[in-house]
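# quick one: sequence plus predicted model below, questions after.
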Amino acid sequence: MISSSQLLAELANVLRRDKFGINSSQVNRFVASLVRACKIVPDKPRLKVVLEDPDDDVILNTAFNGKADYVVTGDSHLLVLKQFKKTRIVTVDQMLKTLE
(Lines give C-alpha, C1' and ligand atoms only; values in the text may rest on other atoms or scores of the structure.)
Protein backbone atom coordinates (compact mmCIF):
# COMPACT_ATOMS: atom_id res chain seq x y z
CA MET A 1 0.00 0.00 0.00
CA ILE A 2 1.11 3.50 -0.82
CA SER A 3 -0.03 6.73 0.80
CA SER A 4 1.10 10.27 1.49
CA SER A 5 0.80 12.60 4.45
CA GLN A 6 -1.81 14.62 2.55
CA LEU A 7 -3.99 11.54 1.92
CA LEU A 8 -3.65 10.35 5.52
CA ALA A 9 -4.59 13.80 6.85
CA GLU A 10 -7.66 13.88 4.60
CA LEU A 11 -8.67 10.39 5.76
CA ALA A 12 -8.32 11.43 9.40
CA ASN A 13 -10.47 14.53 8.82
CA VAL A 14 -13.19 12.50 7.13
CA LEU A 15 -13.21 9.79 9.80
CA ARG A 16 -13.64 12.42 12.55
CA ARG A 17 -17.00 13.50 11.10
CA ASP A 18 -19.88 12.95 13.51
CA LYS A 19 -21.71 10.65 11.10
CA PHE A 20 -19.04 7.96 11.58
CA GLY A 21 -19.15 8.01 15.38
CA ILE A 22 -15.39 7.44 15.70
CA ASN A 23 -13.52 9.32 18.40
CA SER A 24 -10.19 11.05 17.80
CA SER A 25 -8.22 8.44 19.71
CA GLN A 26 -9.57 5.66 17.48
CA VAL A 27 -8.84 7.70 14.36
CA ASN A 28 -5.29 8.38 15.53
CA ARG A 29 -4.66 4.67 16.22
CA PHE A 30 -6.07 3.69 12.82
CA VAL A 31 -3.99 6.27 10.94
CA ALA A 32 -0.89 5.22 12.90
CA SER A 33 -1.47 1.61 11.85
CA LEU A 34 -1.75 2.74 8.23
CA VAL A 35 1.51 4.65 8.52
CA ARG A 36 3.21 1.44 9.68
CA ALA A 37 1.62 -0.63 6.88
CA CYS A 38 2.05 1.81 3.98
CA LYS A 39 4.93 3.11 1.98
CA ILE A 40 4.65 6.86 2.57
CA VAL A 41 5.70 8.89 -0.45
CA PRO A 42 6.41 12.63 -0.57
CA ASP A 43 3.61 15.02 -1.43
CA LYS A 44 4.65 16.37 -4.81
CA PRO A 45 1.59 17.98 -6.39
CA ARG A 46 2.92 18.28 -9.90
CA LEU A 47 0.30 16.60 -12.07
CA LYS A 48 -3.06 18.20 -12.81
CA VAL A 49 -5.31 15.57 -14.36
CA VAL A 50 -8.85 15.58 -12.95
CA LEU A 51 -10.36 18.82 -14.16
CA GLU A 52 -13.83 18.00 -12.75
CA ASP A 53 -12.45 17.45 -9.23
CA PRO A 54 -8.88 18.75 -8.77
CA ASP A 55 -8.82 17.37 -5.19
CA ASP A 56 -8.54 13.91 -6.78
CA ASP A 57 -5.17 14.85 -8.24
CA VAL A 58 -3.53 14.13 -4.87
CA ILE A 59 -4.49 10.47 -5.31
CA LEU A 60 -2.95 10.28 -8.77
CA ASN A 61 0.16 12.16 -7.64
CA THR A 62 0.59 9.77 -4.71
CA ALA A 63 0.17 6.77 -7.02
CA PHE A 64 2.64 8.23 -9.51
CA ASN A 65 5.23 9.15 -6.85
CA GLY A 66 4.91 5.70 -5.28
CA LYS A 67 4.95 3.84 -8.61
CA ALA A 68 1.65 2.16 -7.73
CA ASP A 69 0.35 -0.65 -9.92
CA TYR A 70 -3.27 0.08 -8.96
CA VAL A 71 -5.51 2.74 -7.49
CA VAL A 72 -8.57 1.12 -5.91
CA THR A 73 -11.45 3.55 -5.69
CA GLY A 74 -15.16 4.17 -6.00
CA ASP A 75 -14.62 7.73 -7.23
CA SER A 76 -16.24 8.19 -10.64
CA HIS A 77 -13.83 10.95 -11.67
CA LEU A 78 -10.93 8.55 -11.27
CA LEU A 79 -12.64 5.41 -12.57
CA VAL A 80 -13.46 7.05 -15.90
CA LEU A 81 -9.72 7.36 -16.53
CA LYS A 82 -9.24 3.56 -16.25
CA GLN A 83 -5.47 4.13 -16.23
CA PHE A 84 -3.07 6.90 -15.37
CA LYS A 85 0.45 6.49 -16.75
CA LYS A 86 1.32 2.91 -15.65
CA THR A 87 -1.26 2.75 -12.85
CA ARG A 88 -4.56 0.97 -13.44
CA ILE A 89 -7.61 2.52 -11.76
CA VAL A 90 -10.11 -0.10 -10.60
CA THR A 91 -13.06 -0.68 -8.30
CA VAL A 92 -12.85 -2.87 -5.21
CA ASP A 93 -14.67 -5.66 -7.08
CA GLN A 94 -12.22 -5.47 -9.98
CA MET A 95 -9.28 -5.61 -7.58
CA LEU A 96 -10.71 -8.61 -5.76
CA LYS A 97 -11.09 -10.44 -9.07
CA THR A 98 -7.49 -9.58 -9.94
CA LEU A 99 -6.34 -11.05 -6.64
CA GLU A 100 -8.25 -14.33 -7.07
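Perfect, thanks for sending it.
# okay, residue 71 and residue 82: tell me how far apart.
For residue 71, the distance to residue 82 equals 10 Å [CB to CB, to the nearest Å]. Backbone N, C-alpha and C define where each C-beta goes, glycine included.
# who's more crowded, these two?
Higher neighbour count among residue 71 and residue 82: residue 71, with 23 against 9, using other CB atoms under 10 Å.
# the chain: strands as residue ranges?
Applying DSSP state E to the chain gives strands spanning 2-4, 39-41, 70-72, 83-84, 87-90.
# helices or strands up against the last one?
Looking back up the chat, that one is strand 87-90. Under the contact criterion of 3 or more CB pairs under 8 Å, 6 or more residues apart in numbering; DSSP states H and E, strand 87-90 touches helix 57-65, strand 70-72, helix 76-79.
# how does it look with 7 Å?
Helices and strands touching strand 87-90, by 3 or more CB pairs under 7 Å, 6 or more residues apart in numbering; DSSP states H and E, are strand 70-72.
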